[in-house]
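Visitor: Quick one, what's the 3D model for this:
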Amino acid sequence: MGAFRLLLAVLVAVSHMGKTFAGLNPGVVAVISFLIISGFVMTSLIERNYRALADVGLFYLDRALRLYPQFLFYFIASCLVIHFLLPGTPQAAELTLKTILSSVLMLPLGFYMFGIGGTEIVPPAWSLGLEMSFYLVIPFLLILRMRGVAFAVSVGIYLLACLGYINTDIYGYRLLPGVLFMFLCGSYLYQPNVKGSLLIASTAAAAGLLFIAIMIGWVERRPFNAEVTLGIAVGIPVVFWLSRLKFHRVDEFLGNISYGVFLNHFVVMYVLRGFWPVAYDASVVGAVLLLSLLCSGVTYYCVERPALRLRHRLRRRAKQGGADSRESATTEVELA
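Guide: So this is what the prediction gives:
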């Protein structure tokens, strides 16, 4: 899935340079696939390493070690670039202690629409706040077997947003209640049973029909409801197919640098804006992407890999703890 993740990061970057395809924002479509992938990967991670309630804290630490190293690096880099190269801009206005502190916490970024966290320092990072919201709940949904109820409630909220009964952008794309079922589609894709397979296939088909209805005008087009439905309809089958492919080192490498590209393309854009304010024609878009890829490769090896070793230790500790718990339970049964 690594090459696909890199493609999604590139689509997010391209969308931030003002590019659309057939009137659709490719970055939004890409984000929905990211959510589906996240649901798949988190379910795999929890099932293999953090299956007990006692392990939830270790799971949270694992996720922090995944998200924070490169995020902090590029957040600091963006602050420095904005301060020195873009004074007097909306970006510079966000360099306040309150905004910086709330942004560093990451979770508040997902609630920027309520005046919590900034949106200009690392603009794509709002979705990391959404990711963290999902991380907070997914262990309990899996361990307590509450996915089905959560899925149904989330679909209902999303439909209300998509059809305009509540704010479409906020509740149909930005906040967890309306998009939780998209994460859970990925969760159901991990070792699916008959019921789960039917659920996600029906969801993909329904999303595809809803996308068509929006595009031909049967359902009113509202902020990003077309892109979100397209993202669901395309993302589910693509993630299903890619999850069945065998491991390949090249694919792994491409996936490793995708997170950096997702985070750093605005830093590159800010640098270019500071020195050479230019329009984003094909050559400039290519230059931004190339620089983003190069920077991402460097920060993956220099910043993220040390944290990766710590994450692996956490997983070994969680597995050992689970083995100890099972051994203790077996002993108690034998003694009884």
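
Visitor: How about the contacts made by the nearest residue to residue 20 once chain neighbours are set aside?
Guide: Spatial nearest neighbour of residue 20, chain neighbours left out: residue 26 (7.0 Å); criterion: Cβ to Cβ, 6 or more residues apart in numbering. The C-beta positions use only the backbone N, C-alpha and C, and glycine is treated the same way. Residue 26 makes contact with 11, 12, 14, 15, 19, 20 under the criterion Cβ atoms under 8 Å, 6 or more residues apart in numbering.

Visitor: And the furthest pair within those?
Guide: Between any two of these, the greatest separation by Cβ to Cβ is 13.0 Å, found for 12 and 20.

Visitor: out of these two, which sits in the busier spot?
Guide: Between residue 12 and residue 20, counting by other Cβ atoms under 10 Å, residue 12 is the more crowded of the two (24 against 12).

Visitor: What separation do you get for the more buried one and residue 50?
Guide: When distances are taken as Cβ to Cβ, to the nearest Å, residue 12 and residue 50 turn out to be 28 Å apart.

Visitor: Next: residue 245.
Guide: In terms of Cβ to Cβ, residue 245 sits 25 Å off from residue 50.

Visitor: Name the residue in those two with the higher neighbour count.
Guide: In this comparison of residue 245 against residue 50, neighbours counted by other Cβ under 10 Å, the higher total goes to residue 50 at 26 against 11.

Visitor: Quick check: phi and psi at that one.
Guide: Residue 50 has phi and psi values of phi -130, psi 60 when expressed as degrees, to the nearest 10.

Visitor: Now do the SS call for residue 103.
Guide: On the three-state scheme (DSSP: H, G, I helix; E, B strand; the rest coil), residue 103 is labelled helix.

Visitor: and residue 117, how many neighbours?
Guide: When counting by other Cβ under 10 Å, one arrives at 26 neighbours for residue 117.

Visitor: isn't there a strand covering it?
Guide: No - assessed with three-state DSSP, residue 117 is coil; it does not lie in a strand.

Visitor: That one contacts residue 108, doesn't it?
Guide: Yes - taking Cβ atoms under 8 Å as the contact criterion, residue 117 and residue 108 are neighbours in contact, 3.8 Å apart.

Visitor: Pull up the overlap in contacts between those two.
Guide: When contacts are counted by Cβ under 8 Å, 6+ apart, residue 117 and residue 108 have 102, 129 as shared neighbours.

Visitor: Could you list the low-pLDDT ranges of this protein?
Guide: Across the chain, residues meeting the criterion (pLDDT under 70) sit at 319, 321-336.

Visitor: residue ranges of the helices in it, please?
Guide: For the chain, helices defined by DSSP state H occupy the ranges 2-16, 26-49, 56-85, 90-93, 97-104, 126-143, 147-162, 168-169, 176-189, 194-215, 225-242, 249-275, 282-299, 305-335.

Visitor: So the residue nearest to residue 126 when sequence neighbours are not counted versus residue 222, what's the distance?
Guide: If the residues on either side of it in the chain are set aside, residue 126 comes closest to residue 109, at 5.0 Å by Cβ to Cβ, 6+ apart. As judged by Cβ to Cβ, residue 109 and residue 222 stand 23 Å apart.

Visitor: of these two, who's got more company?
Guide: Ranked by neighbour count (other Cβ under 10 Å), residue 109 and residue 222 place residue 109 first, with 27 against 17.

Visitor: That one reaches residue 133, doesn't it?
Guide: No - if you go by Cβ under 8 Å, residue 109 and residue 133 don't touch, sitting 10.3 Å apart.

Visitor: hmm, back to that, a markdown table please, covering the contacts of residue 26 and showing distance to residue 295.
Guide: Supplementary listing: these in a markdown table, determined by distance: Cβ to Cβ, whole Å:
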| residue | distance to residue 295 |
| --- | --- |
| 11 | 18 |
| 12 | 15 |
| 14 | 17 |
| 15 | 19 |
| 19 | 21 |
| 20 | 25 |
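
Visitor: any idea which of these is closest to residue 31?
Guide: Of all these, residue 12 has the smallest distance to residue 31: 6.8 Å, by Cβ to Cβ.

Visitor: Am I right that that closest one is in contact with residue 31?
Guide: Yes - contact between residue 12 and residue 31 holds when scored by Cβ under 8 Å: they sit 6.8 Å apart.

Visitor: and which of the contacts of residue 26 is nearest residue 143?
Guide: Compare each of the contacts of residue 26 with residue 143 using Cβ to Cβ and the shortest gap goes to residue 12, at 31.7 Å.

Visitor: Excluding chain neighbours, what is closest to the closest one?
Guide: Counting by Cβ to Cβ, 6+ apart, residue 27 is the residue found nearest to residue 12 once chain neighbours are left out, at 4.3 Å.

Visitor: I'd like to know how far residue 297 sits from residue 74.
Guide: Distance from residue 297 to residue 74, counting by Cβ to Cβ: 14 Å.

Visitor: Just want to know which of these two has more residues nearby.
Guide: Set side by side, residue 297 and residue 74 give different neighbour counts by other Cβ under 10 Å, the larger being at residue 74 (26 against 15).

Visitor: which one is the more buried one nearest to, not counting chain neighbours?
Guide: Nearest to residue 74 is residue 263, by Cβ to Cβ, 6+ apart, at 4.4 Å.

Visitor: what number of residues lie near that neighbour?
Guide: Using other Cβ under 10 Å, residue 263 has 26 neighbouring residues.
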